[in-house]
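Participant: Everything below, folded, please.
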Amino acid sequence: MPTIRVELLEGRTPEQKKELAKALTEATCQTLGSSPAAVDVLFFDIPRHDWATGGVPWSEKL
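Facilitator: Got it, this is the predicted structure:
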């Protein structure tokens, strides 16, 4: 059973996550031969102040 963990900066809509889950599930099934019912997609929304790139928090990159 493939489990896909997706970490995103918070702010994506439920519809965007639904579309991403669908696309990831389809790609996984095509690549690994899994059935859609066996693919789990987990979303983790990360606050901008808890994510930094290049030593700078995303909350300061607005």
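
Participant: Need the residues that contact the one helix or strand residue 16 maps to.
Facilitator: For residue 16, the host element (DSSP states H and E) is helix 14-32. Residues from elsewhere that reach helix 14-32 (CB atoms under 8 Å, 6 or more residues apart in numbering): 2, 4, 6, 34-36, 39, 41, 43. C-betas here are computed from N, CA, C, even on glycine.

Participant: Grab the CA positions of it and hand them over as PDB.
Facilitator: What follows is helix 14-32, C-alpha atoms only, in PDB (Å, rounded to 0.1, in the frame of the first residue of the first chain):
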ATOM      1  CA  PRO A  14      -9.500  21.600  -0.200                       C
ATOM      2  CA  GLU A  15     -10.300  21.500  -3.900                       C
ATOM      3  CA  GLN A  16      -6.600  21.900  -4.800                       C
ATOM      4  CA  LYS A  17      -5.700  19.100  -2.400                       C
ATOM      5  CA  LYS A  18      -8.400  16.900  -3.800                       C
ATOM      6  CA  GLU A  19      -7.100  17.500  -7.400                       C
ATOM      7  CA  LEU A  20      -3.500  16.800  -6.200                       C
ATOM      8  CA  ALA A  21      -4.600  13.600  -4.400                       C
ATOM      9  CA  LYS A  22      -6.300  12.400  -7.600                       C
ATOM     10  CA  ALA A  23      -3.300  13.200  -9.800                       C
ATOM     11  CA  LEU A  24      -0.900  11.500  -7.400                       C
ATOM     12  CA  THR A  25      -3.100   8.500  -7.100                       C
ATOM     13  CA  GLU A  26      -3.400   8.100 -10.800                       C
ATOM     14  CA  ALA A  27       0.300   8.400 -11.300                       C
ATOM     15  CA  THR A  28       1.100   5.900  -8.600                       C
ATOM     16  CA  CYS A  29      -1.400   3.400 -10.100                       C
ATOM     17  CA  GLN A  30       0.100   3.800 -13.500                       C
ATOM     18  CA  THR A  31       3.700   3.500 -12.300                       C
ATOM     19  CA  LEU A  32       3.400   0.800  -9.600                       C
END
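
Participant: quick one, the helix or strand following it and helix 14-32 angle?
Facilitator: With elements assigned by DSSP H and E, the helix or strand that comes after helix 14-32 is strand 40-46. Strand 40-46 and helix 14-32 are oriented at 140 degrees to each other (axes from the mean of the first three to the mean of the last three CA atoms, to 10 degrees).
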